[in-house]
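Engineer: Provided below for reference: sequence and predicted model.
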Amino acid sequence: MKEPSIHETALLDPTTVIGDGSRVGAFTKIEADVSIGSHCDIQDQVFIQDSVTIGDRVVIHHGVQLWRGFRIEDDVRIGPNATFSNDKFIAPADPDTVPPITVVKRGAAIGANATILPGLTIHGSSVVGAGAVVTRDVPPKAIVAGNPARILGYVDTSRSSGTKRSPTSSLGVSHVKGVQVYELKHVTDMRGDLIVTELEKDLPFVPKRVFLVHDVPSTRAPELGANTHIVNAINIWCVSRAACRSSLMTVSIARNSS
């Protein structure tokens, strides 16, 4: 068994339990009732609040803070300056409030400067990209990135969410004669965006033909719909994308005026 290595400038509460072969770096502070497993690497300038539990073979890089009651399971890696929040609202502390508990499951990896909002679970073997802002639980083996973090793929598989983010601004009134703009129901979560419509309920008519416009290298949104030609008994609609300065929430509809 190898004794833990604790830098002389580290501040540890006497109740701290540290397993064999673990290392605590310079200017790190560990408060009461913290348990750290074996063969962990707690690097410099880390702050660990009371009652945190850390498993075996965990690496916590410089400048990370772990708040009261957090649970970090075995084989987790947390990159430099990753930030965990412990308060959903910026407000004066209430001593009677129980802070939300964040859990990082076995084998998860969190990149440098990622931000994890309070009370979330980062599930096993998932990967959080550098700089990501995580607002929801991360599923097992998911690879997430961005602000807010979205699923880009999955570890050890070729599976991808296939989701592209788009803005949430409205297209507005079309300048194309005969084209009306309708906003459809929009649901979003970490996996991406979902647009739902009931044709006879949400639209003033039932489309007979549909075409999708996406990845258009133009920001001239007023021209959107210029090619929605009037054809006998054919109704045309266009789902506009980010390159058209619109969003998946917006649908342009051209009706046959004949």
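Structural biologist: Noted; the coordinates are in hand.
Engineer: Now do the nearest residue to residue 146 once chain neighbours are set aside, the pLDDT please.
Structural biologist: Nearest in space to residue 146, with sequence neighbours left out and distances taken as C-beta to C-beta, 6 or more residues apart in numbering, is residue 132 at 6.1 Å. (C-beta placed from N, C-alpha, C; glycine too.) Among the per-residue scores, residue 132 shows a pLDDT of 96.
Engineer: I'd assumed residue 151 was in contact with residue 132.
Structural biologist: No - counting by C-beta atoms under 8 Å, residue 132 does not reach residue 151; the two are 11.0 Å apart.
Engineer: Between the two, which contacts overlap?
Structural biologist: residue 144 (C-beta atoms under 8 Å, 6 or more residues apart in numbering).
Engineer: Quick one: the helices in this protein, in order.
Structural biologist: 199-202 (DSSP state H).
Engineer: Could you list the domains of this structure?
Structural biologist: 1-162, 179-254 (automatic domain parsing).
Engineer: Deepest in the core, which of the ones you listed is it.
Structural biologist: domain 1-162 (a mean of 18; mean count of other C-beta atoms under 10 Å).
Engineer: any weak-confidence spans in the stretch 101-250 of the chain?
Structural biologist: 158-180, 182, 189-192, 204, 210-250 (pLDDT under 70).
Engineer: Break down it into its strands, ranges please.
Structural biologist: 103-104, 109-110, 115-116, 121-122, 127-128, 133-134, 142-145, 150-154, 179-183, 185-189, 192-196, 209-212, 236-239, 250-254 (DSSP state E, counting those that start in this stretch).
Engineer: which residues does the closest residue to residue 6 other than its chain neighbours contact?
Structural biologist: Residue nearest to residue 6 in three dimensions, not counting chain neighbours: residue 24, with 4.6 Å by C-beta to C-beta, 6+ apart. Going by C-beta under 8 Å, 6+ apart, residue 24 touches 4-7, 10, 12, 18, 30, 36, 42.
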